[in-house]
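> sequence and predicted structure, then a few things I'm wondering about:
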2 protein chains.
Amino acid sequence: MAFADRPATPATVRRHNARLVLGQVRDHGPRSRADLARDTGLVKAAISGIVADLIEAGLLAETGPAPAGGRGRPMTLLTLDGGPAVALGVEVNVDYLSAVAVTLGGEIVLRERVAVHSPSPEEARKAIAVIAEGLGRPLLGACVAVPGLVDPDTATVRHAPNLHWREVEVAGWLPGGLACDNDANLAVVAEHRRGAPADSAYLTGTVGIGAGLLVDGRVYRGGSGYAGEIGHMPIAGNDARCGCGRTGCWEAVVGLEALLRRIDPGVTGTYDEKVAALVSRAEAADPATLEALCDHGTWLGRGAAALTNLLNPSALILGGFFADLAPWFLDPLRAELDAHVLAADLAPCELRLSSLGVTAASLGAADLVLNRVFADPL
Amino acid sequence: MAFADRPATPATVRRHNARLVLGQVRDHGPRSRADLARDTGLVKAAISGIVADLIEAGLLAETGPAPAGGRGRPMTLLTLDGGPAVALGVEVNVDYLSAVAVTLGGEIVLRERVAVHSPSPEEARKAIAVIAEGLGRPLLGACVAVPGLVDPDTATVRHAPNLHWREVEVAGWLPGGLACDNDANLAVVAEHRRGAPADSAYLTGTVGIGAGLLVDGRVYRGGSGYAGEIGHMPIAGNDARCGCGRTGCWEAVVGLEALLRRIDPGVTGTYDEKVAALVSRAEAADPATLEALCDHGTWLGRGAAALTNLLNPSALILGGFFADLAPWFLDPLRAELDAHVLAADLAPCELRLSSLGVTAASLGAADLVLNRVFADPL
DNA sequence: GACATTAAGTTCATATAGTGAACAAAATAG
DNA sequence: CTATTTTGTTCACTATATGAACTTAATGTC
């Protein structure tokens, strides 16, 4: 509510209603002016004016008179149309960099994933610039997802431990500007855009464990931006040593390294290779692997229960390697949730697997750009 | 955001700006029209119109021409003035019922606390009706705080285990209507009104342990209203048996009963008497008590660290018996937070004791009523 | 085939906002 | 007593939504 304490004017009304109208087209597909009047509660005259503005702003387009459906003058449908311009979303991670480009209408016109190895800020900047130029399309905006602590207001990466980045100001990396946010935050935005409820918690299982929290449809960052550092909740025993130097962190028992250590300390390689190794062992029904994964589900449920008791999200979304390995630990996870969540029977929390996989964060980054356009279209 | 998807009209602008103007007077004391123009960004002409509306609505009043401060025409100050009407806030708990009445200007004109013993809904209804009539003032509105799960939209107590209430519809208890919310939620509202940051977490230590979460200045209830059930986070060992029937609940180690059991299982009586017994033992520096309280601080810190890692509140507020006993466990609590919160050094979370004591929830209930008036003054 | 019917979309008079500038009011300073 | 300064109001103007009348363009029906 950045605008909450600023005065409103008639122009504010127009902005609000323009957002309303455009949101209808975004959420429910092509509509006529008459549809929009019915669905928004605005009168036809108002709709005509707003639609004219949105067409002039290059966000809507008329598709010629639609095939007459029944009696009466046929409607002319209005569709989202931002021309060739796209929103670019990029995720920079330790051993991959993935990018998507999405048109205003939601069409994905680019999906790219390149292998990198712990890229420096400079390497990341170059890679992003190459992708942006290779698009051959104007940009509606661009945003990069980073695993770490980010200040989205200044588009600065405060600290991304796994990338070894500190105080990296990303804003100037592209001529049109570049936004930035935490990967878990953006992943939950992407999930919400694709059906997850407005109060959802997304658990990333990548190198570390983080949570993206959606409160009332908006990302919750906490008082100073550190919300979601769920991996360091002290719910494991004191003998669990975490990479952060502390003991008892949840991450120290449900992180990828902890799981690998238990199943086979010998597995090495990239993140992808490690996950693939675990999946193939599980698929081969290796008894030690299955038992470890079962335990994993219990511990995962322990922490998820803490989160659920505290926040009561409508959905808990498992991302990263949690989604890949879920088939083998979902039952013990559910059992643990049932056993430890107070409201388990009254208001069960939907448990869903991320269907977006490794593209979740980059899709969310593109969504963030689009959301900004839709939030203030004029 | 109940109004987020409804069309805006010029009247919406007026409502928004009226809220802005009234909020200035509420937060910064009596102001002149010229002050309001400067502070809100609205022009003087607009302020005059809005102020006229607010005076007509019976919310503001002119205090005759103020003593001239310097050159120029002296200003006429505008003050909050709702006449004799008050907001009534009541807290119903197991062995007390407390009430406050607050004028629009924030003046507390009634503070009452009566002993009860696990009141039935009917007993509570009668007690509240007696208080409301005894006031001899018109009501701006009334709200009751209940330790349990509440649906504030329908003003229904879904389940208050300690009171043994289930599905109690409170709305019709007073002629002018009666609102209802959870005690921890209302306590954090009261704290926020009196200086706590907009992202705060309030920990109630009464019979059970609950949390009131404030996100961006608004109470966070979760997807289905069960947010804040922090007492049942599974972070204690499996040997800790909780009153809810589960094992490992945090409440089972930091609840009042657990503390009593450890210090002296023989102490009985009301909640107040139990707390008083603990305080006097601590004041007498009884070694076993001090050690138990030190342990208590560590366990409290364990759970508080989980909360802080997940939500990163700007302030953590200790209420109920936590506030009473804090002097004897604050140090180990702080140490545990420092040891287990990832962002402890970067963005320390302010630890504050509730200064409102047992009136926190009833004050918050009155605040809720007032907040509604201020949120839509016309 | 002419005309009624139906639905989509536009036009226009009206009401309510806020803006900005001119003006009136009420005090002090010299 | 007059100039100055600050407060607050008045008024012409613009932007917005509303509601009703109107226009446009299709399908039925006689």
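Perfect, thanks for sending it. Numbers count the residues shown, from 1 in each chain, chains lettered A, B, ... in the order given.

> number of nearby residues for the residue in the stretch 151-300 of chain A positioned nearest to DNA strand D?
Nearest to DNA strand D in the stretch 151-300 of chain A, going by CB to the nearest atom of the strand, is residue A:217, at a distance of 22.7 Å. C-beta: built from backbone N, CA, C; applies to glycine. For residue A:217, the count of nearby residues is 14 (other CB atoms under 10 Å in any protein chain shown).

> tell me the contacts of it?
A:192, A:198 (CB atoms under 8 Å, 6 or more residues apart in numbering or on different chains).

> also residue A:270?
Residue A:270 neighbours (CB under 8 Å, 6+ apart): A:95, A:115.

> how is chain A carved up into domains?
A:10-80, A:86-187+A:360-375, A:195-355 (automatic domain parsing).

> in a markdown table: those, plus distance to residue B:48 and mean pLDDT.
Formatted as a markdown table, the domains of chain A follow (distance: least, CB to CB, whole Å; pLDDT from 0 to 100):
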| stretch | distance to residue B:48 | mean pLDDT |
| --- | --- | --- |
| domain A:10-80 | 18 | 94 |
| domain A:86-187+A:360-375 | 33 | 95 |
| domain A:195-355 | 36 | 91 |
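
> assumed residue A:210 was part of a helix.
No: read with DSSP: H, G, I helix; E, B strand; the rest coil, residue A:210 is strand and lies in no helix.

> quick one: it and residue A:146 touch, right?
No: using CB atoms under 8 Å, residue A:210 is not in contact with residue A:146, being 11.3 Å away.

> joint contacts of those two?
Listed as contacting both residue A:210 and residue A:146 by CB under 8 Å, 6+ apart are A:182, A:183.

> next up, the contacts around residue A:232.
Contacts here follow CB under 8 Å, 6+ apart; on that basis residue A:232 touches A:242, A:244, A:246, A:249, A:250, A:251, B:309, B:340, B:341, B:342.

> list phi and psi for it.
Per-residue torsions, residue A:232: phi -110, psi 20 (degrees, to the nearest 10).

> next: residue A:141.
phi 160, psi 170.

> please name the bridge partners of it.
Beta bridges link residue A:141 to residue A:87 when assigned by DSSP bridges.

> what about it, how many neighbours?
21.

> tally of neighbours for the residue lying closest to residue A:370 once chain neighbours are set aside?
The shortest distance from residue A:370 to any residue other than its chain neighbours is 4.9 Å, reached at residue A:87 (CB to CB, 6 or more residues apart in numbering or on different chains). When neighbours are defined as other CB under 10 Å, residue A:87 has 25 of them.

> state the distance from residue A:87 to chain B.
23 Å (CB to the nearest CB, to the nearest Å).

> surely that residue touches residue A:135?
No: contact criterion CB under 8 Å: residue A:87 and residue A:135 do not qualify, at 10.8 Å.

> now the common contact residues for these two.
Common contacts of residue A:87 and residue A:135 (CB under 8 Å, 6+ apart): residue A:101.

> now the helices for the stretch 201-350 of chain A?
Residue ranges of the helices in the stretch 201-350 of chain A, as given by DSSP state H, counting those that start in this stretch, are A:251-254, A:256-263, A:271-283, A:287-311, A:321-325, A:330-340.

> residue contacts, the closest residue to DNA strand C within chain A?
Nearest to DNA strand C, among the residues of chain A, is residue A:72, at 2.1 Å (CB to the nearest atom of the strand). Residue A:72 sits next to no residue when contact means CB under 8 Å, 6+ apart.

> can I take it that it is in a strand?
No: Residue A:72: not assigned to a strand; according to three-state DSSP it is coil.

> and the stretch 51-200 of chain A, which residues reach DNA strand D?
Counting by CB under 7 Å from any atom of the strand, the stretch 51-200 of chain A comes close to DNA strand D at A:65, A:68, A:70, A:71, A:72, A:73, A:74.

> what about the second one, which SS state?
Meaning residue A:68. Classification of residue A:68 by three-state DSSP places it in coil.

> check contacts around the residue nearest to it when sequence neighbours are not counted.
Counting by CB to CB, 6+ apart, residue A:68 lies nearest to residue A:74, which is 4.1 Å off, once chain neighbours are set aside. Residue A:74 is in contact with A:65, A:66, A:67, A:68, counting by CB under 8 Å, 6+ apart.

> how near is residue A:74 to residue A:65?
Per CB to CB, to the nearest Å, residue A:74 is found 5 Å from residue A:65.

> what residues does the strand or helix carrying residue A:124 touch?
Assessed by DSSP states H and E, residue A:124 sits inside helix A:121-135. Helix A:121-135 has contacts (CB under 8 Å, 6+ apart) with A:86, A:88, A:90, A:92, A:97, A:99, A:101, A:110, A:112, A:114, A:116, A:119, A:139, A:142, A:144, A:157, A:165, A:168, A:170, A:173-174, A:178.

> among those, name the buried ones.
For those, a burial check counting by 16 or more other CB atoms under 10 Å in any protein chain shown picks out A:86, A:88, A:90, A:92, A:97, A:99, A:101, A:110, A:119, A:139, A:142, A:144, A:157, A:165, A:168, A:170, A:173-174, A:178.

> now the buried members of the contacts of residue A:232.
Among the contacts of residue A:232, those buried by neighbour count (16+ other CB under 10 Å) are A:242, A:246, A:249, A:250, A:251, B:309, B:340, B:341, B:342.

> in the stretch 251-378 of chain A, what residue lies closest to DNA strand D?
Distance from DNA strand D to each residue of the stretch 251-378 of chain A (CB to the nearest atom of the strand) is smallest for residue A:378, at 7.9 Å.

> got a list of what residue A:26 touches?
Neighbouring residues of residue A:26 by CB under 8 Å, 6+ apart: A:80, A:106, A:374.

> whichever of those end up buried, select them in PyMOL.
The buried subset of the contacts of residue A:26, as determined by 16+ other CB under 10 Å, is captured in PyMOL by this line:
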select buried, chain A and resi 80+374
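
> CA atoms only for stretch A:166-176 - export them in PDB, please.
Listed in PDB are the C-alpha atoms of stretch A:166-176, where the atom choice follows Å, rounded to 0.1, in the frame of the first residue of the first chain:
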ATOM      1  CA  ARG A 166      27.300  -9.500  -1.800                       C
ATOM      2  CA  GLU A 167      25.800  -6.000  -2.400                       C
ATOM      3  CA  VAL A 168      25.300  -6.400  -6.100                       C
ATOM      4  CA  GLU A 169      23.200  -3.700  -7.600                       C
ATOM      5  CA  VAL A 170      21.400  -5.300 -10.500                       C
ATOM      6  CA  ALA A 171      19.200  -2.400 -11.500                       C
ATOM      7  CA  GLY A 172      21.400  -1.000 -14.300                       C
ATOM      8  CA  TRP A 173      22.200  -4.300 -16.000                       C
ATOM      9  CA  LEU A 174      19.800  -3.700 -18.800                       C
ATOM     10  CA  PRO A 175      19.000  -0.500 -20.600                       C
ATOM     11  CA  GLY A 176      15.400  -0.600 -19.600                       C
END
